[in-house]
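# missing the sequence, but the structure's below:
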């Protein structure tokens, strides 16, 4: 099973990246974040020539998640469904494919350390950990992927000493992330490449960021331990970021022998 994740940063703007990538690479599952499209405007017709079932939940201008799958999922759900006021269905999706739950998240960025949005980000991680306990078992196969908006270790961001107060690298955000991971997940990329510096995001606001490789690894593919031995390949496809009119993120994909 080949699974990919991509913060597309507006699906309609990246159709010329997503459609050819699907046709060429033929993943079994593609998880998208930040689709930025209302459900009634989702461009289903563009992908009608490809063998994918598409489940999505979006809104205008920001957020939005979608999951493309080559088979009909056995189950589909959006949002926390925990009874709290803000369910966030456009940031959290879950499907079950071949008996394996796949969680697709677009975790809040946080904006600034003194912002209520940052507090919400930290709380979001706590809610997500509780969500895992309700819907998954750490002793069974499960996959969690998406834009986590956290660089877990110094190797995961350029010049880490300059970003200690950044909302995606601050100690509190990293601890909140690691606490959620500790529920029972393993970082597939870091498992395969313990010392490799490989980014998945290069900021638009720095025109030379990609060429100078001033980036962040904030897009992740996580699995429960029972699935880890089956994760035999994981790659970052930088070509998507090098395309015309790219997202500031690129595509991360992994192959599982299941």
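It's in. As the structure is a computational prediction, the values presented were derived from the model and not from experiment.
# For the spatially closest residue to residue 227 that is not a sequence neighbour, the count of nearby residues, please.
Nearest residue to residue 227, sequence neighbours excluded (Cβ to Cβ, 6 or more residues apart in numbering): residue 141, at 4.3 Å. Glycine gets a C-beta too; all of them are placed from N, C-alpha and C. By the criterion of other Cβ atoms under 10 Å, residue 141 has 20 neighbours.
# what do you get for residue 79?
Taking other Cβ under 10 Å as the neighbour definition, residue 79 ends up with a count of 18.
# how much space between it and residue 6?
Distance check for residue 79 against residue 6: by Cβ to Cβ, to the nearest Å, it reads 21 Å.
# what about the most centrally placed residue in the chain, which SS state?
Among the residues of the chain, the smallest C-alpha distance to the mean C-alpha position (Cα atoms, centre = their mean) belongs to residue 146, namely 0.8 Å. Judged by DSSP: H, G, I helix; E, B strand; the rest coil, the three-state class of residue 146 is strand.
# From residue 177, how far out is it?
When residue 146 is compared with residue 177 (using Cβ to Cβ), they lie 12 Å apart.
# same check, this time on residue 203
With Cβ to Cβ as the criterion, residue 203 and residue 177 are 20 Å apart.
# Residue 237 now?
Relative to residue 177, residue 237 is positioned 23 Å away (Cβ to Cβ).
# quick one on the thing from earlier: residues touching the residue nearest to the centre of the chain, list them.
The contact partners of residue 146, by Cβ atoms under 8 Å, 6 or more residues apart in numbering, come to 5, 7, 31, 33, 65, 103-107, 219-220.
# ok, the residues you listed vs residue 49, which is closest?
Within the contacts of residue 146, distances to residue 49 taken as Cβ to Cβ reach their minimum at residue 31, with 20.9 Å.
# so the closest one makes contact with residue 67?
Yes: with contacts defined as Cβ atoms under 8 Å, residue 31 counts as touching residue 67 at a distance of 5.4 Å.
# shared neighbours, the two?
Common neighbours of residue 31 and residue 67 (criterion: Cβ under 8 Å, 6+ apart): 93, 102, 104.
# Tell me the bridge partners for the second one.
When bridges are assigned using DSSP bridges, the partners listed for residue 102 are residue 95, residue 143.
# May I have the phi/psi pair for the residue nearest to residue 227?
Dihedral angles of residue 141 (phi, psi; degrees, to the nearest 10) stand at phi -60, psi 140.
# dump the residue contacts of it.
The neighbours of residue 141, taking Cβ under 8 Å, 6+ apart as the test, are 99-101, 223-224, 226-227, 258.
# Of all pairs in the residues you listed, which one is the farthest apart?
99 and 223 (14.3 Å).
# Those two: who's more crowded?
residue 223 (25 against 9).
# That one and residue 138 touch, don't they?
No: in this structure, residue 223 sits apart from residue 138 without contact. The criterion is Cβ under 8 Å, and the distance is 10.8 Å.
# what's the neighbour count on residue 48?
Using other Cβ under 10 Å, the number of residues around residue 48 comes to 9.
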